[in-house]
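Peer 1: Let me see the structure of the following:
(chains A and B)
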Amino acid sequence: MPKKNYFVAAEMSIADLDAYKEDEFNNFTFQQFIDDGEKNDDYYVLGAYAIDNDGNVMGDQIILKTIDSNSHLPGKRVQFANIVVTKDVLDQIFPGHVPTSPLTLVPQKSTNYPKYIAYKVQGGANLSGTVIDPSPPAKSP
Amino acid sequence: MKKNIFFGAVISYDIIKEYYRDNPSFDRFVFQQMMDDGDRTNDHYQLVVYAIDKDKCILNDEKPLAITKKSKNRYVRSKNVFFANIELHRKQLDYLYAKSSSTSELRLYPKAYDGTDYVSYVAETSNSAAITVSLDPSPPAKSSA
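Peer 2: As a prediction, this is how the structure comes out:
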């Protein structure tokens, strides 16, 4: 049976969003990883770093909680890229600049870059979600 | 047991010249892993690359530049694998291409990154194997040079 590659939806807890409240916070950069790479099928889940205005990592890597019911299954070609969620995007989700809910990231085929995976970012006041494209090819914020 | 295999790569001097030598707005190359045989038992990850300018825009029409997979240069991981953008900055190219007469291709070799589950790459030219640059995943490595 051909191997399958699943991209899995994930949730970032309110506690993990703490860095967003810091003055020097610039963005969360999300990346895919696998921790079951010896199995036949791959499940690509998400980790994240908080990044400051100078491009430095703030704190430890954050491993997101996976939500298996929202997997995206691309074809045999799979491309990996950083996903950058900026302070501006988070301000639209949390207008009071205080996280009021976890942040959910749901993978989907990128409309603008069909060989890549984009993520719909949802939470707080933005339940319909904002689609974030991989960067590059999307311009880095 | 399934294997996750990362391959080396070669970028031609034509690419280096077009962006690094001849385009003053060029800032960095950004590499990413991809696989085009994702339905096979073992995963073969190779590199794609974009040229990025000082305003963080792509210089090559949002399509990856030509890059040649080096099948003999491989690094194998099993269980844990983290994926990240990998950057090669103009300052690093200044070091690799210190001689203005150099017309070498650029060679990349995969290796473990600092005891983590990420993959980094060693870059060298044919000018001198003793002159190398480490291309680290970013983040965790800082993004700017």
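
Peer 1: Please tell me the pLDDT value assigned to the most centrally placed residue in chain A.
Peer 2: With distances taken as Cα atoms, centre = their mean, chain A has residue A:30 as the residue nearest its mean C-alpha position (4.5 Å). If you check residue A:30, the pLDDT there is 98.

Peer 1: Mind listing the strands the helix or strand of chain A with the lowest mean pLDDT pairs with, and their directions?
Peer 2: Scoring the helices and strands of chain A by mean pLDDT, DSSP states H and E places strand A:65-72 at the bottom, with a mean of 79. Next to strand A:65-72 in the sheet, as set by DSSP bridges, lie strand A:5-12 (antiparallel).

Peer 1: need the next SSE after the partner strand, C-terminal direction.
Peer 2: Sequence-wise, the next helix or strand downstream of strand A:5-12 (DSSP states H and E) is strand A:25-34.

Peer 1: could you say which helix or strand contains residue B:140?
Peer 2: Going by DSSP H and E, residue B:140 is not in any helix or strand.

Peer 1: Could you list the low-confidence segments of chain B?
Peer 2: In the predicted model of chain B, residues B:38-39, B:144-145 satisfy pLDDT under 70.

Peer 1: ok so, going back, where's the residue nearest to the centre of chain A relative to residue B:117, distance?
Peer 2: Between residue A:30 and residue B:117 the computed distance is 16 Å (Cβ to Cβ, to the nearest Å). All C-beta atoms are positioned from the backbone trio N, CA, C, and that covers glycine.

Peer 1: Report the inter-axis angle for the helix or strand where residue B:88 lies versus strand A:25-34.
Peer 2: Assigned by DSSP H and E, residue B:88 belongs to strand B:85-89. Interaxial angle, strand B:85-89 versus strand A:25-34 (axes from the mean of the first three to the mean of the last three Cα atoms, to 10 degrees): 120 degrees.

Peer 1: ok, and what's touching strand B:85-89?
Peer 2: Around strand B:85-89, the neighbours that count as contacts under Cβ atoms under 8 Å, 6 or more residues apart in numbering or on different chains are A:81-82, A:135-136, B:27-32, B:120-121, B:123, B:133, B:135-138, B:141, B:143-145.
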